[in-house]
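K.L.:
my questions are about this predicted structure, shown below with the sequence.
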Amino acid sequence: MPTNCNAVIKALTNDLPTDGDAKLHIWVGAWRRGFSWNHAKIIAVDGVYLHTGGHNLWDKHYLANNPVHDLSFELEGRVARDGHRFANLQWAFIKSKQMTCVGSCIDSIPDYLPVVLRTRVTVSEYPVDQDIFPPQFTKSMVADSPHQSRIVDKSNDVPLITIGRLGSMVWSSRARPSDDAILAMINSSKRIIRLVLQDIGPVCIPGSKKALPGLVWPKAYLEAIGKAIYERGVDIEMVLSNPNSIPGGLKGTEANYGNGWSCVDVCAEIIKSIQQQYSNIIDDTRLRAMIVDNLRVCFIKHGKSNKYEDGKSIGLHSKHWIVDDVCCYIGSQNLYMCDLAEWGVVVDSETEVKKIMTDYWQPMWESSYTGEDVDVQEVMDGLEIDRDGEQQIFTLHATDAGQQLMPHGGGDEYYDIEKKVGGAKTISLPAPAAKDGENEVDGGMPTASDDKDVANKGSKSEQREESGEDGTPPVVSPLISKDAAGANETSKEEKTAEGEVFSAADEKAAETPAEDDEQKLTTVNLDCCGLAESLKITAE
């Protein structure tokens, strides 16, 4: 169901005046495109304070009985500006779609009613007589804020890298650079990777060893983990949610943490990836040794028990991994496949990572790991099980590893979904030729990968509803940026053309960010023994 922005505004402003005297201005917006929506969790304040990670603002999940475990952290510094910029992109997308003819018609439909369109945006504001859309964040907007004095001293800065993805908010398959950054982190490992995850497998059909139709395991991540084990002897320690854990007395349709797989299933998929990559040179004896020596996977527990006192299983929602105890990620992105808009922060400081491990990882691991959640023989017996969904609903054409992580595809193949599974009728139209000075359809999004297979400069065709919805995708700024405790400061020569937020068809609807809020384009070659220093900055 679509987000009811009017209901959210009403709940937030229930006790506030309605006579126009309120100094508070609130906007609530939401978007969905196909099976993609915003999954990031960001609170950014005045370009100085940032709260991000896995937590949703759902009381019953966290504050009632049997709460779900989660991880977020608060940061202070210029990194908060990157959170604002990520929100800017989504608000600009909402505005561009709301300002179309179709968007205006949809705006008259109550938020809670679904519509048969791939793209749906909604926005509500308080007070109702103010601008429909919020202003785009710029540094100049908060220049007079007293909080700015807290970021003048840079002597205690910590190297941070913000990484994100836009899902299908844009059509370009290159709009998901965080996928590549995560792969680069795994591939850079030399000793150990520690992971705290809700799950790594797709949603499982209850009572089976099979994913829902069309869903598959994240092959690229599994292959990278398998390669790390086989070629470099890397240890893997992983804490997962107990399957189908439900907090707060909610129903299974309201909350469900853990996609249904056992630790044996997860280990079997990792070992299977090794078996498939090195089939000519590996035997069962060595595979068994790797399960014993390198793989330690368990469910989250309290005092070695995976249940609360009332017998309900303990849920986990964190998205956190640590590479070689010198670099870690905290954010919203799961490692199982779902093509959503995500955002998180990589901490590239051994000192700070050790603090996070002391506060979070070590107590959890000591409470959870017993060695009883995985049986070596069961893992070996499970290597022949095909746990992917029965049929491939979503076609994947790209060969780039990051692209293969997406279950819904990243380009025109995704927008053919109605033709494959039934739904709203669509037509394919050739893209209009770009006029002089206008952006191409895909706009040349930079990513963490330099794979030529995905470095296309423009889409050959567009998908548009017969209803007339504008199918022109936005051109967006990069979602990986290098920070030292905050947003990257760049010279004028290194600024990007971020002002060209959308293609020409949407220019009149979009406000262009101020020049002082632009940041460098970045490509990434992540080495977790010096992660920030290994960034290669490029200016387009």
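P.N.:
Thanks, I have it.
K.L.:
use CA for all of it now, contacts and neighbours both
P.N.:
OK.
K.L.:
any low-confidence regions in the stretch 101-250 of the chain?
P.N.:
107-108, 111-114, 116, 173-174 (pLDDT under 70).
K.L.:
swap in 50 and give it another go.
P.N.:
Within the stretch 101-250 of the chain, not a single segment meets pLDDT under 50.
K.L.:
mind listing the helices for it?
P.N.:
101-107, 177-187, 219-232 (DSSP state H, counting those that start in this stretch).
K.L.:
could these be laid out in TSV, adding distance to C298?
P.N.:
Compiled in TSV, the helices of the stretch 101-250 of the chain are given as follows (distance: least, C-alpha to C-alpha, whole Å):
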stretch	distance to C298
helix 101-107	47
helix 177-187	20
helix 219-232	17
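K.L.:
any idea which of the ones you listed is most buried?
P.N.:
Across the helices of the stretch 101-250 of the chain, averaging neighbours per residue (mean count of other C-alpha atoms under 10 Å) puts helix 177-187 on top, at a mean of 23.
K.L.:
would you mark the buried spots in stretch 126-137?
P.N.:
Within stretch 126-137, the residues scored as buried using 16 or more other C-alpha atoms under 10 Å are Y126, P127, F133, P134, Q136, F137.
K.L.:
identify the farthest-apart pair in these.
P.N.:
P127 and F137 (19.6 Å; C-alpha to C-alpha).
K.L.:
any idea which of the helices of the stretch 101-250 of the chain gets closest to Q362?
P.N.:
helix 177-187 (20.4 Å).
K.L.:
put the alpha carbons of that closest one into PDB.
P.N.:
The C-alpha trace of helix 177-187 is given here as PDB (Å, rounded to 0.1, in the frame of the first residue of the first chain):
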ATOM      1  CA  PRO A 177      27.500   2.200  -6.600                       C
ATOM      2  CA  SER A 178      27.200   1.000  -3.000                       C
ATOM      3  CA  ASP A 179      26.800  -2.600  -4.300                       C
ATOM      4  CA  ASP A 180      30.200  -2.300  -5.900                       C
ATOM      5  CA  ALA A 181      31.700  -0.600  -2.800                       C
ATOM      6  CA  ILE A 182      30.500  -3.500  -0.600                       C
ATOM      7  CA  LEU A 183      32.000  -6.000  -3.000                       C
ATOM      8  CA  ALA A 184      35.200  -4.100  -2.900                       C
ATOM      9  CA  MET A 185      35.200  -4.200   0.900                       C
ATOM     10  CA  ILE A 186      34.800  -8.000   0.800                       C
ATOM     11  CA  ASN A 187      37.400  -8.400  -1.900                       C
END
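K.L.:
just checking, what packs against it?
P.N.:
Here helix 177-187 touches strand 159-166, helix 219-232, helix 401-404, going by 3 or more C-alpha pairs under 8 Å, 6 or more residues apart in numbering; DSSP states H and E.
K.L.:
excluding covalently adjacent residues, which one is nearest to I282?
P.N.:
Q275 (7.0 Å; C-alpha to C-alpha, 6 or more residues apart in numbering).
K.L.:
which element is the one you found on?
P.N.:
helix 263-277 (DSSP states H and E).
K.L.:
that helix versus helix 219-232: what angle between them?
P.N.:
70 degrees (axes from the mean of the first three to the mean of the last three C-alpha atoms, to 10 degrees).
K.L.:
which parts of helix 263-277 are buried?
P.N.:
Buried-residue list, helix 263-277, by 16+ other C-alpha under 10 Å: 263-275.
K.L.:
which single one of those is nearest to R32?
P.N.:
For the buried residues of helix 263-277, the nearest to R32 is V266 (30.5 Å; C-alpha to C-alpha).
K.L.:
show me the contacts for that closest one.
P.N.:
By C-alpha atoms under 8 Å, 6 or more residues apart in numbering, the residues touching V266 are I200, G201.
K.L.:
tell me the pLDDT of it.
P.N.:
With respect to pLDDT, V266 scores 98.
K.L.:
ok, V48 next?
P.N.:
Looking at V48, the pLDDT reads 94.
K.L.:
if you drop the residues flanking it in sequence, what lies closest to it?
P.N.:
Going by C-alpha to C-alpha, 6+ apart, V48 has G77 as its nearest residue, at 4.8 Å.
K.L.:
what about that neighbour, neighbour count?
P.N.:
24 (other C-alpha atoms under 10 Å).
K.L.:
same question for A11.
P.N.:
10.
K.L.:
okay, buried residues for the helix or strand containing it please.
P.N.:
Using DSSP H and E, A11 sits in helix 5-12. For helix 5-12, a neighbour-count test (16+ other C-alpha under 10 Å) marks C5, N6, I9 as buried.
K.L.:
ok, the closest residue to the second one other than its chain neighbours - contacts?
P.N.:
To tie it back to what came earlier, the one meant is N6. Spatially, and ignoring its direct neighbours in sequence, N6 is nearest to S124 (5.7 Å; C-alpha to C-alpha, 6+ apart). By C-alpha under 8 Å, 6+ apart, S124 lies in contact with C5, N6, I9, W27, V28, G29, I132.
K.L.:
repeat that with 7 Å
P.N.:
Contact analysis of S124 by C-alpha atoms under 7 Å, 6 or more residues apart in numbering lists C5, N6, I9, W27, V28, G29.
K.L.:
would you turn these into a markdown table with pLDDT and distance to S145?
P.N.:
Shown next, in a markdown table, are the contacts of S124 (pLDDT from 0 to 100; distance: C-alpha to C-alpha, whole Å):
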| residue | pLDDT | distance to S145 |
| --- | --- | --- |
| C5 | 88 | 29 |
| N6 | 87 | 30 |
| I9 | 89 | 26 |
| W27 | 91 | 21 |
| V28 | 93 | 23 |
| G29 | 91 | 25 |
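K.L.:
out of the helices and strands packed on helix 177-187, nearest to T52?
P.N.:
Per C-alpha to C-alpha, nearest to T52 of these: strand 159-166, 10.8 Å.
K.L.:
kindly format the C-alpha coordinates of the helix holding A11 as PDB.
P.N.:
Only the C-alpha atoms of helix 5-12 are listed here, as PDB (Å, rounded to 0.1, in the frame of the first residue of the first chain):
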ATOM      1  CA  CYS A   5       1.500  11.200   3.800                       C
ATOM      2  CA  ASN A   6      -1.600  13.100   4.900                       C
ATOM      3  CA  ALA A   7      -2.100  10.800   7.800                       C
ATOM      4  CA  VAL A   8       1.600  11.200   8.800                       C
ATOM      5  CA  ILE A   9       1.300  15.000   8.700                       C
ATOM      6  CA  LYS A  10      -1.900  14.800  10.800                       C
ATOM      7  CA  ALA A  11      -0.200  12.700  13.400                       C
ATOM      8  CA  LEU A  12       2.800  14.900  13.600                       C
END
